[in-house]
Each structure stands twice: as C-alpha cells, then as structure tokens.
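> with the sequence up front, the predicted model follows.
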Amino acid sequence: MTRSTGQGGLYICLVSVHGLIRGENLELGRDADTGGQTLYVVELARALARRPEVERVDLFTRRVVDPRVDDDYARPDEPLGDNAHIIRIDAGPEEYLPKEALWEYLNCFTDGALAHIASVGLTPTLVHSHYADAGYVGVRLASNLGVPLVHTGHSLGRVKRRRLLAHGESGETIENTYA
C-alpha cells in the first residue's frame, strides 16, 4: 500500500461502530444508540472530504441486515459525496444490536476494516474513532497500520447514569446493564 500523504492528499478513516448511520434522513432519536453522534460523524466525513488536501474519507460503521430497519443500513458502500463514503462492515449477527452487545464482534469489525483499507490500496493518514467501541477498533487499526489515532469520546458515563436514574432506572440495573 502507498501512504496517501503525497500528491494524492490525505486519506482519513473515521470509525463509529454503533447506531444506525446513513447519509440522508438520519433517524436521530430512534433509540439510545442513534443520536447526535451519528449526525456528527456524517457531517464530519462530508466536511473533511470538501477540504482540498483530503483525497478520501471512509466512515466505517457496522452493516445491519434486519427487517426492523431500513435497507439502507445493509448497503456495504454508500457515497456521501465525491470523496467520502460510508463503509459498512460485517461483524457479528446481521441484526441490529445495541452497542453493549457489540464488544465481542469488534475484532471481526477491525479485520473487515483492514480488508477494506487493503482493497483501497492506500494507507490512511490517520484514524479518528468515535465512542468507546470505536476507540477499541481505532487503537487496533492505527497500531496495525502504523498511523496516528485521534479519539472523540462523545459521551460520559456519569451524564448517561444521571439521565437513566432520572428516568427511573435503579443504580443496580444500570450497573448490570451498562457497566
């Protein structure tokens, strides 16, 4: 693979594993995993791709084939513009899963992302991961590829805990479900 920092420009890989991510008609608020982060990463991918120094942006997320969700989430590659794509990776069962159920499939997700990157034939300039699950993937990608990792956490557990408590969840249930 050639490093994409030469004449071709930057190749940036964004990673946002959970939630339902698509380029149009985002289903913000559909569930706890499909919120502001999904909008943020799609807008970030588009904004980066418009930069003259950027050659390509791939936004990696999980591919979902499930009758409960739109067929858009089953598309392996969704263009977001001239230089940006949502790349959906097969990892674990096809159905839509909450983020807490994805951890055992993150190594498979990483392998799928590495296979896609190899098929592009360029080494990313950097990997930018979003949320804890993608952070795990991002560390593995950056380490395997020998490139820098940027991470955005997006959510603090204490904020989520406060919100769940306010909605009537017990501390024990929160710890057993989310910890």
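Nice, I can see it. Source: prediction; values computed, not measured.

> which parts of the protein are helices?
Under the criterion DSSP state H, the chain carries helices at the ranges 36-50, 106-120, 131-145, 157-166, 171-178.

> where in the protein is pLDDT low?
Across the chain, the ranges flagged by pLDDT under 70 are 1-7, 154-161, 174-179.

> okay, angle between the biggest strand by length in the chain and helix 131-145 too, please.
Ranked by residue count under DSSP state E, the longest strand found in the chain is strand 54-62. Orientation of strand 54-62 against helix 131-145 (axes from the mean of the first three to the mean of the last three C-alpha atoms, to 10 degrees) gives an angle of 130 degrees.

> run the chain-centre distance for strand 54-62.
9 Å (C-alpha atoms, centre = their mean, to the nearest Å).

> for stretch 127-134, same thing?
That offset, for stretch 127-134, works out to 7 Å (C-alpha atoms, centre = their mean).

> what does stretch 77-94 give?
On C-alpha atoms, centre = their mean, the centre of stretch 77-94 falls 9 Å from that of its chain.

> just to revisit the earlier point, of the helices of the chain, which stretch is the most buried?
Between the helices of the chain, helix 131-145 has the highest mean count of neighbours, a mean of 20, where neighbours are mean count of other C-beta atoms under 10 Å. No exception for glycine: its C-beta is placed from N, CA and C like everyone else's.

> what residues are up against the nearest residue in space to H116 that is not next to it in sequence?
Excluding its sequence neighbours, the residue lying closest to H116 (C-beta to C-beta, 6 or more residues apart in numbering) is I87, at 5.5 Å. For I87, the contacting residues are D58, L59, F60, T61, P76, D77, A113, H116, by C-beta atoms under 8 Å, 6 or more residues apart in numbering.

> skip the chain neighbours and tell me the closest residue to the fifth one.
Using C-beta to C-beta, 6+ apart and skipping residues adjacent in sequence, the residue nearest P76 is R88, 5.4 Å away.

> and for T61?
For T61, the spatially nearest residue (C-beta to C-beta, 6+ apart) is I21, at 4.5 Å.

> OK, contacts around that neighbour?
Taking C-beta under 8 Å, 6+ apart, one finds T34, T38, V41, V42, L59, T61, Y73, I86 in contact with I21.
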